[in-house]
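Novice: Could you look at this predicted model? Sequence included:
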Amino acid sequence: MKLGTILRLGGALVLGVFWLAGCASPEKRISQRPELFDSYPAETQELIKQGKVGIGFDKDMVWMAVGEPDRVWVRTDASGESEIWAFTRFETYDGLPLYRGGYHRAYDGAYPYYEYYPTRKAQDYFRITFSDGKVKSVEVDEIEP
């Protein structure tokens, strides 16, 4: 491999790491949309800063607090349609944690962790249900490390 190619790949990796770090905390996400954050009531702002989701939050508030979901589900039942944001961790079948969150999206194809663990399993550790664009329920796995 030529030195120029190595430097370009290294530069892309460094930029990718900074991009991931930039979305990794509520503070970083808030800094991307400060005017919107400032428009929220003080109680909502405090929950977002703590990385917590409140009943009645809209999708922007949830994104600022916890980031992008790993999976999105749509549920239709007698009460209508709802959207579920799922945050996922991956582990081996014997329970060894592999990775979670944006890790597998960021390295999709570039670092095929799943090839080393083809029998990995996905486990949702956090789910948020929206109805009419507002948080209706929050589910948290109590054994989340």
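Specialist: Thanks, I have it.

Novice: Check the gap between K52 and Q45 for me.
Specialist: Counting by Cβ to Cβ, to the nearest Å, the gap between K52 and Q45 amounts to 11 Å. Where C-beta positions appear, they are placed from N, C-alpha and C, glycine not excepted.

Novice: So the two - more neighbours on which side?
Specialist: Remark: of K52 and Q45, Q45 carries more neighbours, 17 against 13, as counted by other Cβ atoms under 10 Å.

Novice: Quick check: which element contains the more buried one?
Specialist: Of the helices and strands defined by DSSP states H and E, Q45 is found in helix 42-49.

Novice: Next SSE downstream of that helix?
Specialist: The element immediately downstream of helix 42-49 (helix or strand, assigned by DSSP H and E) is helix 59-66.

Novice: Identify the residues contacting that next one?
Specialist: Helix 59-66 has contacts (Cβ atoms under 8 Å, 6 or more residues apart in numbering) with 26, 29-30, 33, 36-37, 40, 44, 47-48, 50-54, 57, 85, 87, 126, 128, 130, 133, 135.

Novice: all strands for the protein, in order.
Specialist: 71-77, 80-91, 97-100, 121-131, 134-140 (DSSP state E).

Novice: just flag whichever of those has the lowest average confidence.
Specialist: Per-segment confidence across the strands of the chain bottoms out at strand 97-100, which has a mean of 60 in mean pLDDT.

Novice: Fine, thanks again, bye for now.
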